[in-house]
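Student: I would like to see how this sequence folds:
(2 chains)
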Amino acid sequence: MTASRTSPPGPLAPAGDHPDQPTLAGYAAGAVDRVAAWSVEAHLGACARCRAAVSAQEDPARLARNRAALLVRVATGDGRRARRLLSRCGVPDHLLRLLAATPSLRLSWLLSVVGVLAAVTGEAVLAIRLSVGSVGPVGPAAASYAQALVPFLVLAPLLVLATVAAAFLPVFDPAYQLAVAAPLRGLTLLLVRSLCALAAALVPVAAAAAVLPGPGWLPAALLLPSLALCTLALAFSAVLGPLAAAISAATVWVIPVLWVAAARSPLLVLQWHGQVASAAVLLAAAGVLVARRVRFDVGWTR
Amino acid sequence: MGPGPDERDDEALLRAVARREEAALAALYDRHAGWLTVRLTRRCARPEVVDVAVQDTFLALWEQARRYRGGGRGGGAVAAFIWGIGIRRLIDALRRDNPARRSLPLRAAESAMVVSAEDEVLRGVEHGGLGTALAALSPELRGAIEATVLDGLTTAEAAVLLGVAEGTVKSRCHRARQALRAALADPATGAGSSPRHRAWETP
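Tutor: Predicted coordinates:
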């Protein structure tokens, strides 16, 4: 916008009452003193023409930058009530903006809730059938409970993985193009969103684990394998495409678990051997992620 | 950019913004962001804070355009409305920037500021005795008067803007009022020397 000959919309102050061009320029540059600035400002409130003249003094590049930032914030639903609340609580602004720009997080949540409900229902049916079938002392009954847990053990970390994958697969996430323009490294962006999806998914999974028959430590024990699995998927995606990475990581989980479950007690997977193995996988995968972080910078989801 | 400047007037644009029309918001931005940036920069010298405040202002317009109640003299009321939001967004940005001040109470209502009696007095203030009296004040006192009278801020808001304690703002305003009263009662003391504030009279 420049000061045009034809007057812009809006009322004009009476002619002859306008500050002259040097005064307006001096005001814009911060060169006039405060009292003179006050009368310029009082005049600006009522005069569109002088507003335009002052506007013309401001750096167009700066205005264009803020304009672009504004339109992105409008498009991503910035400024909603929930967001302002989180902001008051001290969550950094740029993170909020990212999370707000991830509609797939809602999908993640839905996916995990539906998945967990299905798994828990299946479990309950299975557990009842097995415990009815088994008669006798504690031993066989406990073993059959453990057997009944196998599907849940296999599925729970997979559900977590699926919800995290949903947070970054372009198929689900129309906001993934923002990644290209985000003022963060691609990897940071990916991790922030994955962590958020992870947190959303772990809640129902842990709740289900607590409800199911089985040892009391089950919810906590699921944590590390789930985390390792998701990190592994992210590490794979440094090499493969995101979908292939998610499928590969899922395979890496399912095969050993089924094998252990068939050969020994299924709960072994979550006891200390399993935890150590999970920790090792987690560390290795994190190492790969850091080493290959450049891979995530631009357009890696293609 | 779009196909050229939007020809609708400010109030029409604001109504369109209330109907979630992004192009109207962009047009309002193109028309008002410049002077708003300039005017906020006079209150806060840090460009990054001002930039955030300007963005927040138009974002607030986007969310709350329907709270505009029109009024006053046509289009000028929209500029005053935008300024009323802008100065408070600046305070908010300063508060966020300085977490110690986050606990200050927020003033919720962004009331439409109409052209006030102060504005009428201030237009051409440097011509009269008031201008000389104001010019004779120390910069601190003038700053306090500017924030509370001209910008219509509460003392708490003015304290954030000026970076001093709330009590300091109150005492400065008090001292400024006393000084002004004395100078206006006895123009000879204040209205000494050369006219430092030359009028922008058109020939």
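Student: Indicate the residue of the stretch 1-150 of chain A located nearest to chain B.
Tutor: Residue of the stretch 1-150 of chain A nearest chain B, by Cβ to the nearest Cβ: A:Ser55 (2.5 Å). C-beta: built from backbone N, CA, C; applies to glycine.
Student: That residue - how many residues pack around it?
Tutor: 24 (other Cβ atoms under 10 Å in any protein chain shown).
Student: check contacts around it.
Tutor: By Cβ atoms under 8 Å, 6 or more residues apart in numbering or on different chains, A:Ser55 lies in contact with A:1, B:31-35, B:38.
Student: switch to 10 Å and redo it
Tutor: A:1-3, A:28, A:44, A:63, B:30-38 (Cβ atoms under 10 Å, 6 or more residues apart in numbering or on different chains).
Student: mind listing the helices in chain B by residue range?
Tutor: Here chain B has its helices, by DSSP state H, at B:10-18, B:22-43, B:47-64, B:76-97, B:117-122, B:129-135, B:139-145, B:155-162, B:166-185, B:187-190.
Student: Reformat these as JSON lines; add mean neighbour count.
Tutor: Formatted as JSON lines, those follow (neighbours: other Cβ atoms under 10 Å in any protein chain shown):
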{"stretch": "helix B:10-18", "mean neighbour count": "20"}
{"stretch": "helix B:22-43", "mean neighbour count": "23"}
{"stretch": "helix B:47-64", "mean neighbour count": "21"}
{"stretch": "helix B:76-97", "mean neighbour count": "23"}
{"stretch": "helix B:117-122", "mean neighbour count": "15"}
{"stretch": "helix B:129-135", "mean neighbour count": "21"}
{"stretch": "helix B:139-145", "mean neighbour count": "19"}
{"stretch": "helix B:155-162", "mean neighbour count": "22"}
{"stretch": "helix B:166-185", "mean neighbour count": "16"}
{"stretch": "helix B:187-190", "mean neighbour count": "13"}
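Student: Just after the lowest-mean-pLDDT helix or strand in chain A, pick out the following helix or strand.
Tutor: Taking mean pLDDT, DSSP states H and E as the measure, chain A has helix A:178-181 as its least confident helix or strand, at a mean of 48. Scanning forward in sequence from helix A:178-181 by DSSP states H and E, the next helix or strand is helix A:186-211.
Student: Who are the packing partners of that following helix?
Tutor: If you count contacts as 3 or more Cβ pairs under 10 Å, 6 or more residues apart in numbering or on different chains; DSSP states H and E, helix A:186-211 packs onto helix A:93-100, helix A:104-133, helix A:138-168, helix A:178-181, helix A:218-236, helix A:272-291.
Student: same thing but at 8 Å, please
Tutor: Packing contacts for helix A:186-211, counted by 3 or more Cβ pairs under 8 Å, 6 or more residues apart in numbering or on different chains; DSSP states H and E, involve helix A:93-100, helix A:104-133, helix A:138-168, helix A:178-181, helix A:218-236.
Student: quick one on the thing from earlier: nearest to B:Arg8 among the contacts of A:Ser55?
Tutor: Ranked by distance to B:Arg8 (Cβ to Cβ), these are led by B:Arg31 at 10.2 Å.
Student: A:Arg62 versus B:Trp83, what's the distance?
Tutor: 19 Å (Cβ to Cβ, to the nearest Å).
Student: Touching, A:Leu234 and A:Leu198? I think so.
Tutor: No - assessed by Cβ atoms under 8 Å, A:Leu234 is found out of contact with A:Leu198, at 10.7 Å.
Student: ok, B:Asp9 to B:Glu140 distance?
Tutor: B:Asp9 is 40 Å from B:Glu140, where distance means Cβ to Cβ.
Student: meant to ask about A:Val154
Tutor: A:Val154 is 71 Å from B:Glu140, by Cβ to Cβ.
Student: Next: A:Trp259.
Tutor: Distance, A:Trp259 to B:Glu140, by Cβ to Cβ: 77 Å.
Student: Chain neighbours aside, what residue packs nearest to A:Arg292?
Tutor: A:Ala238 (3.9 Å; Cβ to Cβ, 6 or more residues apart in numbering or on different chains).
Student: Could you count how many residues lie near that neighbour?
Tutor: A:Ala238 is flanked by 19 other residues according to other Cβ under 10 Å.
Student: How is it assigned, secondary-structure-wise?
Tutor: coil (DSSP: H, G, I helix; E, B strand; the rest coil).
Student: need the helix or strand of chain B with the lowest average pLDDT.
Tutor: helix B:187-190 (a mean of 52).
Student: so what's the residue nearest to B:Cys173 when sequence neighbours are not counted scoring on pLDDT?
Tutor: Once flanking residues are discounted, B:Cys173 sits nearest to B:Ala144: 5.0 Å by Cβ to Cβ, 6+ apart. Note on B:Ala144: pLDDT of 89.
Student: what's the answer for A:Leu63, then?
Tutor: So A:Leu63 comes in at 93 (pLDDT).
Student: what sits against it?
Tutor: Going by Cβ under 8 Å, 6+ apart, A:Leu63 touches B:33-34, B:37.
Student: could you pick out which of those residues are near chain A?
Tutor: Applying Cβ under 8 Å from any Cβ of the partner chain, the subset of the contacts of A:Leu63 adjacent to chain A comprises B:33-34, B:37.
Student: before we move on, back to that, now the residue of the stretch 1-150 of chain A closest to chain B: how far from B:Val50?
Tutor: In this view, A:Ser55 and B:Val50 are 14 Å apart by Cβ to Cβ.
Student: Repeat that for A:Val54.
Tutor: Distance from A:Val54 to B:Val50, counting by Cβ to Cβ: 15 Å.
Student: How confident was the prediction at residue 3?
Tutor: I'll assume chain A. 40.
Student: that's the other chain; I wanted chain B
Tutor: pLDDT for B:Pro3: 48.
Student: so where's chain B shaky on pLDDT?
Tutor: Counting by pLDDT under 70, chain B has low-confidence residues at B:1-5, B:70-76, B:98-128, B:187-203.
Student: Which single residue of it ends up nearest chain A?
Tutor: B:Gly34 (2.5 Å).
Student: wait, that residue sits on A:Ala56?
Tutor: Yes - when contacts are counted by Cβ under 8 Å, B:Gly34 is listed as touching A:Ala56 (6.9 Å).
Student: which ones are touching the closest residue to A:Val54 other than its chain neighbours?
Tutor: Leaving out its chain neighbours, the residue that sits closest to A:Val54 by Cβ to Cβ, 6+ apart is B:Trp35, at 4.5 Å. Going by Cβ under 8 Å, 6+ apart, B:Trp35 touches A:44, A:51-52, A:54-55, A:58, B:79.
Student: go again using 6 Å as the cut-off
Tutor: By Cβ atoms under 6 Å, 6 or more residues apart in numbering or on different chains, the contact set of B:Trp35 is A:51, A:54-55.
Student: Which one of these is nearest to B:Ala45?
Tutor: Using Cβ to Cβ, A:Val54 comes nearest to B:Ala45 of those, at 17.5 Å.
Student: how about the helix or strand where that closest one lies as CSV, C-alpha atoms only?
Tutor: Assessed by DSSP H and E, A:Val54 sits inside helix A:48-55. C-alpha atoms of helix A:48-55 as CSV (Å, rounded to 0.1, in the frame of the first residue of the first chain):
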residue,chain,number,x,y,z
ALA,A,48,-6.9,7.1,6.4
ARG,A,49,-4.7,9.1,4.0
CYS,A,50,-2.1,9.9,6.6
ARG,A,51,-2.3,6.3,7.9
ALA,A,52,-1.4,5.2,4.4
ALA,A,53,1.4,7.7,4.2
VAL,A,54,2.9,6.4,7.5
SER,A,55,2.4,2.8,6.4
